[in-house]
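> Structure here, sequence nowhere to be found:
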């Protein structure tokens, strides 16, 4: 129901999405947070890949790094996303 959207306040005239200033401001905030989050993930993945390449240069641990450390480091960002999306008091009800 469009009248249940943020910024409509049950006025009954919210047929167009983001028609009010409050809703448009919320969209701007959401897009800004998404851009900041994407940038942080991008920088973190670059740091992980550069560090793992440096670890592969050490001959004594290259086998362990290639078979154990790299897959774990690749799964860390995905695991962090799932962990933080499940935090909160009503996380299960938000997913349904």
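Great, that's in hand. None of these values were measured; they are calculated from a predicted model. Numbers count the residues shown, from 1 in each chain.
> any residues touching the lowest-mean-pLDDT helix or strand in the chain, and which ones?
For the chain, the helix or strand with the lowest mean confidence is helix 91-95, at a mean of 72 (criterion: mean pLDDT, DSSP states H and E). Applying C-beta atoms under 8 Å, 6 or more residues apart in numbering, the set of residues contacting helix 91-95 from outside is 85, 88. To be clear about C-beta, it is placed using only N, CA and C from the backbone, and glycine gets the same treatment.
> buried residues in stretch 32-52?
The neighbour-count criterion (16 or more other C-beta atoms under 10 Å) identifies no buried residues in stretch 32-52.
> Check stretch 69-81 too.
Residues of stretch 69-81 classed as buried: 70, 73 (neighbour count, 16+ other C-beta under 10 Å).
> next one: it to chain centre, how far?
14 Å (C-alpha atoms, centre = their mean, to the nearest Å).
> neighbouring contacts of that stretch?
Under the contact criterion C-beta under 8 Å, 6+ apart, stretch 69-81 has outside partners 41, 44-45, 48, 51-52, 55.
> Stretch 45-55 now?
Residues lying outside stretch 45-55 but in contact with it, judged by C-beta under 8 Å, 6+ apart, are 61-62, 65, 69-70, 73-74, 76-77.
> Which of those residues fall within helices?
62, 70, 73-74, 76-77 (DSSP state H).
> ok, so of the contacts of stretch 45-55, who is nearest residue 35?
Minimum separation from residue 35 among the contacts of stretch 45-55 (C-beta to C-beta) is found for residue 77, which lies at 16.8 Å.
> quick one, helices of this protein?
21-56, 62-64, 70-85, 91-95.
> Mean pLDDT lowest where, among the ones you listed?
When the helices of the chain are ranked by mean pLDDT, helix 91-95 comes last with a mean of 72.
> Flag every buried residue along it.
In helix 91-95, no residue is buried by neighbour count (16+ other C-beta under 10 Å).
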